[in-house]
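> Below are the sequence and a predicted model; questions follow.
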Amino acid sequence: MVTASAPPTPDGAAPDTVVRSGRAWGRFLVGFLVLWGVLQTVATLDPTARWGVLLLAAVLVAAVVVERVDHDVPAGVALRRLGLGRSRARVLGVAAAVSAAVLLVYPLTEAVTGATVTLRPGWPWLLLGVFALHGVAEEVVWRGYAFRRLRRDRSFAAAVAWTMPLLAATHLPILVTAGAAVGLGAMAVAAATSIPLAYLFETGRGTVWAPALVHTAIDSFKLVVVPAGAVATFSLLLVAVSLLVPLLALAVPRRVLEA
């Protein structure tokens, strides 16, 4: 189900350079570090993601520049390669169902702790920001750039395996800012969700919209207020749900999603 050959380049133009030689790895890693650096910087400037739409614009500009330098393609082609094309309705439907299941962590937290989880004031605007930054922008970097480039002339499993350590490493700063428990949990979630999110990316015609929905659901904790006494339990439940629930996407066969 997850070992199909690499899909064609979304724009139908020349394919990505195979990342195997030392030079190719160097160019790939430089591009990745540039994109991650921009993403990390803008996320630090606005940790609430309230201005996520503007932050997404900054990431997209950087991503287009990297694509143009690497492949000499127009901006429109670069954006499609990065995952901003047209997805499949079935894939979006699966992503929406998985996202809804992830959100069950909130009533589950209330049932276990007896605490009441409430939405922050102005949450619709905040939701848009979280979707733009933690959904679309992060997926452009992780799937639209990293996974897509590493998928060239590799199996799905191999491309995911190469992507996992990159994603885990980029979550190391959380160890410093939020402590070992939260940091290790974030690294585990980033690595484990590499499989279902890459699957949604690929079956969705190489687009970020479906994985961005699931990614937004996982990061939706920024929209709520959890009572102090329930934070520890909520954090554990969120890690468990984020590790397990997205894997449900893999239960839908590729042939069904790509029909």
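It's in.
> any low-confidence regions in the stretch 51-200 of the chain?
Along the stretch 51-200 of the chain, segments meeting pLDDT under 70 span 178.
> Would you state the helices of it in chain order?
Taking DSSP state H, counting those that start in this stretch to define them, one finds helices in the stretch 51-200 of the chain at 52-71, 75-81, 89-102, 105-113, 123-130, 138-139, 148-151, 156-170, 172-178, 180-192, 194-203.
> Save the ones you listed as CSV, and put in distance to Val42 too.
Using the backbone N, CA and C atoms, a C-beta is placed for each residue, glycine as well. Below are the helices of the stretch 51-200 of the chain laid out as CSV (distance: least, C-beta to C-beta, whole Å):
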stretch, distance to Val42
helix 52-71, 4
helix 75-81, 18
helix 89-102, 24
helix 105-113, 27
helix 123-130, 11
helix 138-139, 11
helix 148-151, 21
helix 156-170, 14
helix 172-178, 14
helix 180-192, 18
helix 194-203, 21
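> So which of those is nearest Val231?
Nearest to Val231, of all the helices of the stretch 51-200 of the chain, is helix 105-113, at 9.4 Å by C-beta to C-beta.
> Determine the set of other helices and strands touching the longest helix belonging to the chain.
Secondary structure of the chain read by DSSP state H shows that its longest helix is helix 22-45. Packing contacts for helix 22-45, counted by 3 or more C-beta pairs under 8 Å, 6 or more residues apart in numbering; DSSP states H and E, involve helix 52-71, helix 148-151, helix 156-170.
> at 6 Å instead, please
helix 52-71 (3 or more C-beta pairs under 6 Å, 6 or more residues apart in numbering; DSSP states H and E).
> could I get the helix it packs on in PDB with only the CA atoms?
Below are the C-alpha coordinates for helix 52-71, written out as PDB (Å, rounded to 0.1, in the frame of the first residue of the first chain):
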ATOM      1  CA  GLY A  52       0.000  32.900  10.900                       C
ATOM      2  CA  VAL A  53      -1.200  34.000   7.500                       C
ATOM      3  CA  LEU A  54       1.600  36.600   7.300                       C
ATOM      4  CA  LEU A  55       4.100  34.100   8.600                       C
ATOM      5  CA  LEU A  56       3.000  31.600   5.900                       C
ATOM      6  CA  ALA A  57       3.700  34.200   3.300                       C
ATOM      7  CA  ALA A  58       7.300  34.600   4.500                       C
ATOM      8  CA  VAL A  59       7.800  30.800   4.400                       C
ATOM      9  CA  LEU A  60       6.400  30.600   0.900                       C
ATOM     10  CA  VAL A  61       8.700  33.400  -0.400                       C
ATOM     11  CA  ALA A  62      11.700  31.500   1.000                       C
ATOM     12  CA  ALA A  63      10.500  28.200  -0.400                       C
ATOM     13  CA  VAL A  64       9.900  29.700  -3.900                       C
ATOM     14  CA  VAL A  65      13.400  31.200  -3.900                       C
ATOM     15  CA  VAL A  66      14.900  27.800  -2.900                       C
ATOM     16  CA  GLU A  67      12.900  26.100  -5.700                       C
ATOM     17  CA  ARG A  68      14.000  28.600  -8.300                       C
ATOM     18  CA  VAL A  69      17.600  28.300  -7.300                       C
ATOM     19  CA  ASP A  70      17.500  24.500  -7.400                       C
ATOM     20  CA  HIS A  71      15.400  24.000 -10.500                       C
END
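> helix, strand or coil for the closest residue to Val102 other than its chain neighbours?
Spatial nearest neighbour of Val102, chain neighbours left out: Ala217 (4.0 Å); criterion: C-beta to C-beta, 6 or more residues apart in numbering. On the three-state scheme (DSSP: H, G, I helix; E, B strand; the rest coil), Ala217 is labelled helix.
> Next, the contact list for Leu200, please.
The neighbourhood of Leu200, defined by C-beta atoms under 6 Å, 6 or more residues apart in numbering, consists of Val91, Ala95, Ala210, Pro211, Ala249.
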